[in-house]
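In: quick one: sequence and predicted model below, then my questions.
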Amino acid sequence: MVGGVQIPRGNGAEIRIRAGASLADFADKIDVNPASLVTVLFHLGEMATATQSLDEDTFAALGAELGYNVLIVSPEDEDKELLESFDIDLEGELAEETDEDLEARPPVVTVMGHVDHGKTKLLDAIRSTDVVAGEAGGITQHIGAYQVRVEHEAVDRAITFIDTPGHEAFTAMRARGAEVTDIAILVVAADDGVMPQTVEALNHAQAAGVPIVVAVNKIDREGSNPSKIRQQLTEFNLVAEEYGGETMFVDVSALKRIGIDQLLEAVLLTADAALDMRANPDKDARGVAIEANLDKGRGPVATVLVQSGTLHVGDAIVAGTAHGRVRAMFDEHGNALPFAEPSRPVQVLGLTSVPRAGDTFLVAPDDRTARQIAAKREAAERAATLAKRRKRISLESFDEALKQGKVETLNLIIKGDVSGAVEALEDALLKIDVGEEVQLRIIHRGVGAITQNDVNLATVDNAVIIGFNVRPAERVAELADREGVELKFYSVIYNAIEDVEAALKGMLKPLFEEAQLGTAEIRQVFRSSKFGNIAGSLVRSGSIRRGAKARLLRDGVVVADNLEIQSLRREKDDVTEVRDGFECGIGIGYREIREGDLIETFEVREKPRD
């Protein structure tokens, strides 16, 4: 008997449940009526319906009450269980592979570093096509992938480069289990040195456990000092080979095309020495969506990186919550490909919706299975999102929280031209911290033009819509104007972050500080039947103004507060202000004044936040 309801005790039994599950899901696992669990939860001080998504803490409390050890299954494990239910066994296939099945594959390289240290110019030099010219603010906004071929030790070798808008996107992809990169190239400008974002990029690469090759760029510039870079990076456990370490440093000039061949050679040498770069091409393809966007003529277009197996035109695939059949595949030059082997990046046409950057993709046995997997993933993701949104409020604090309105929330909708930029922007915005008084909530994100649905959602949730390299669809701007929904457009990530941070700070309750205006010493008290007691005073400091706030001090102690300078006279004239050193008559509307008292005037000013 728990909370007046008859429920069998679990006696410490382990229950595995997915993130965002409901009471009905939990009731299924322990074979009880969901209504009885609603009652138990009510007695624990929580209100929830049987179908409402609950968070981890609520399940832990419920499990403890019923004698069960509740384990929340990670998204990766949940996905694995889902795929196993469709007879797609990831682990089993890997276990059956032998050395004979594995073939060499090209290394996958990510270029990272500080802003303006030449990451894009370096990629431009490597693939000899100009991508920097069309970029806003010199920042790479899109994620793409390219493959280049080099001759190494008389063998023609391929290297795949992933082009990201920064280490934030790199880590956002890793957070969803997309371990894409084999090697990181850290670009440091020889004339600028190690900067904060250099250290950030370095930390992200080391956290991923990938080998690092350092490209010391801009050696053609005056004042460049490559040896200083080597010295600075020793503090971060990157010791150059010439100093007895294991990290390869290569001096390059992306602008003058100096040292590019040596850099590619260093990448291949590092890959051969530190990594086992082999994959089985003779099985169904698996990999990661590097980028995705909505093309007006072709529909959803995803750039995917095949990690194992071979992807063929005609395969039924699932990428995150998107699914479809591969209608066509293209390489980075727009050439049609019939198939793609491991480490090959390709553009895929045929998906029904736009996947997110970092979503894993796999080949399903048929269209029906692909559709079912995508639908189940979408339902699980929606439930997990709802669980995160739900604020835990107990019965005791429910009334109090409603009355106090403790938390201010800024709701955002993000729409972008490509999912990589949307991911990077969302990740950066959620890291903004201005204290606990205000919160940022991203209620929707997507790829493509701002639509009527976005405006309707913003109207309901009182949200601001951020358009990143996109504009509203036809007549949507008029609708937004009519509904009072704010649309903000950006082409540079950092501008959007600055504006949102400023908006959050603007939502904070203002801070006020008191500023003293002046003090006056009472020399004589005049009794007046018409004006009450008048203080004949000498202004000691600052100035006394009519209408200013005031307080009365006697021997340094406040006798009366919240007073006001009601009347102010100099000789026989009414005046608005009397300065330091002059005598005047002051009326403050307080009777108990004495000679020797001090009148202090002040004003309350709004204090700018840091």
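Out: Good, I have the coordinates.
In: pLDDT score for residue 132?
Out: As predicted, residue 132 sits at a pLDDT of 44.
In: meant to ask about residue 345, not that
Out: pLDDT for residue 345: 90.
In: lowest-confidence helix or strand of this structure?
Out: Ranking every helix and strand in the chain by mean pLDDT, DSSP states H and E puts helix 395-404 at the bottom, with a mean of 40.
In: just after that helix, pick out the following helix or strand.
Out: strand 408-416 (DSSP states H and E).
In: between strand 408-416 and the next helix-or-strand element following that following strand, find me the angle.
Out: Later in the chain than strand 408-416, the nearest helix or strand by DSSP H and E is helix 419-430. Our comparison of helix 419-430 with strand 408-416, counting by axes from the mean of the first three to the mean of the last three C-alpha atoms, to 10 degrees, yields an angle of 160 degrees.
In: flag every buried residue along helix 419-430.
Out: 419, 420, 421, 422, 423, 424, 425, 426, 427, 428, 429 (16 or more other C-beta atoms under 10 Å). (Each C-beta comes from the backbone N, C-alpha and C, glycine too.)
In: now distance to residue 332 and pLDDT too, for those, in JSON lines please.
Out: Formatted as JSON lines, those follow (distance: C-beta to C-beta, whole Å; pLDDT from 0 to 100):
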{"residue": "419", "distance to residue 332": "18", "pLDDT": "85"}
{"residue": "420", "distance to residue 332": "15", "pLDDT": "83"}
{"residue": "421", "distance to residue 332": "18", "pLDDT": "85"}
{"residue": "422", "distance to residue 332": "22", "pLDDT": "87"}
{"residue": "423", "distance to residue 332": "21", "pLDDT": "84"}
{"residue": "424", "distance to residue 332": "21", "pLDDT": "85"}
{"residue": "425", "distance to residue 332": "24", "pLDDT": "88"}
{"residue": "426", "distance to residue 332": "26", "pLDDT": "87"}
{"residue": "427", "distance to residue 332": "25", "pLDDT": "84"}
{"residue": "428", "distance to residue 332": "27", "pLDDT": "85"}
{"residue": "429", "distance to residue 332": "30", "pLDDT": "86"}
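In: ok, so of those residues, who is nearest residue 232?
Out: Nearest to residue 232 among the buried residues of helix 419-430 is residue 428, at 25.9 Å by C-beta to C-beta.
In: okay but the closest one is in contact with residue 498, surely?
Out: No: between residue 428 and residue 498 there is no contact under C-beta atoms under 8 Å: 10.6 Å.
In: surely residue 345 and residue 158 touch.
Out: No: the criterion here is C-beta under 8 Å, and residue 345 misses it with residue 158 at 10.7 Å.
In: show me where the stretch 501-610 of the chain has strands.
Out: Remark: strands assigned in the stretch 501-610 of the chain by DSSP state E, counting those that start in this stretch are 511-528, 532-545, 549-554, 557-564, 567-570, 573-574, 577-579, 583-587, 598-607.
In: I'd like the ones you listed laid out as a markdown table, including mean pLDDT.
Out: Formatted as a markdown table, the strands of the stretch 501-610 of the chain follow (pLDDT from 0 to 100):
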| stretch | mean pLDDT |
| --- | --- |
| strand 511-528 | 87 |
| strand 532-545 | 91 |
| strand 549-554 | 92 |
| strand 557-564 | 89 |
| strand 567-570 | 91 |
| strand 573-574 | 88 |
| strand 577-579 | 93 |
| strand 583-587 | 93 |
| strand 598-607 | 87 |
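In: out of those, which is closest to residue 210?
Out: Each of those has some distance to residue 210 by C-beta to C-beta; the shortest is strand 511-528, at 44.9 Å.
In: so for whichever helix in the chain runs longest, mean pLDDT?
Out: In the chain, ranked by residue count with DSSP state H as the criterion, the top helix is helix 367-389. Mean per-residue pLDDT for helix 367-389: 78.
In: list the buried residues in that helix.
Out: So for helix 367-389, counting by 16+ other C-beta under 10 Å, buried means 369, 370, 371, 372, 373, 374, 376, 377, 380, 383, 384, 387.
In: what do you get for stretch 39-54?
Out: For stretch 39-54, burial by neighbour count (16+ other C-beta under 10 Å) applies to 40, 41, 44, 46, 48, 50, 52, 53, 54.
In: again with stretch 222-234
Out: By neighbour count on 16+ other C-beta under 10 Å, the buried set for stretch 222-234 is 224, 226, 229, 230, 232, 233.
In: between those residues, which is nearest residue 514?
Out: For these, the residue nearest residue 514 by C-beta to C-beta is residue 232; the value is 47.5 Å.
In: and the closest one, what helix or strand is that in?
Out: helix 226-234.
In: check which helices and strands that helix sits against.
Out: Contacts defined by 3 or more C-beta pairs under 8 Å, 6 or more residues apart in numbering; DSSP states H and E place helix 226-234 against strand 212-217, strand 248-251.
In: leaving out sequence neighbours, find the closest residue to residue 475.
Out: Distances taken as C-beta to C-beta, 6 or more residues apart in numbering put residue 452 closest to residue 475, at 8.0 Å, once the chain neighbours are dropped.
In: same question for residue 518.
Out: Closest residue to residue 518 apart from its sequence neighbours, by C-beta to C-beta, 6+ apart: residue 542 at 2.9 Å.
In: ditto for residue 586
Out: Residue nearest to residue 586 in three dimensions, not counting chain neighbours: residue 535, with 4.6 Å by C-beta to C-beta, 6+ apart.
In: show me which of the buried residues of stretch 222-234 is closest to residue 351.
Out: Nearest to residue 351, judged by C-beta to C-beta, of those is residue 233 at 41.7 Å.
In: so the closest one touches residue 214, yeah?
Out: Yes: using C-beta under 8 Å, residue 233 makes contact with residue 214 at a distance of 6.6 Å.
In: give me the common contacts of these two.
Out: Counting by C-beta atoms under 8 Å, 6 or more residues apart in numbering, the common neighbours of residue 233 and residue 214 are 188, 240, 247.
In: re the thing from before, what's around the residue nearest to residue 518, how many residues?
Out: Neighbour count for residue 542, taken as other C-beta atoms under 10 Å: 16.
In: remind me which residues of the stretch 101-250 of the chain are low pLDDT?
Out: Low-confidence segments of the stretch 101-250 of the chain, defined by pLDDT under 70: 129-143, 164-178.
In: redo that, cut-off 50
Out: Filtered on pLDDT under 50, the stretch 101-250 of the chain yields the residue ranges 129-143, 175-177.
In: what are the boundaries of the strands in it?
Out: Ranges of strands in the stretch 101-250 of the chain, per DSSP E, counting those that start in this stretch, are 103-104, 108-113, 144-152, 155-163, 183-189, 212-217, 248-251.
In: please name the nearest non-neighbouring residue to residue 597.
Out: residue 522 (4.6 Å).
In: same question, residue 567
Out: residue 587 (3.6 Å).
In: contacting residues for the one you found?
Out: Residue 587 makes contact with 531, 532, 533, 534, 535, 565, 566, 567, 568 under the criterion C-beta under 8 Å, 6+ apart.
In: list the contacts of the third one.
Out: With contact taken as C-beta under 8 Å, 6+ apart, residue 533 is in contact with 525, 526, 527, 587, 590, 591, 593.
In: run the last query once more with 7 Å
Out: By C-beta atoms under 7 Å, 6 or more residues apart in numbering, the residues touching residue 533 are 525, 527, 591, 593.
In: for beta bridges, what are the partners of residue 545?
Out: Beta bridges link residue 545 to residue 577 when assigned by DSSP bridges.
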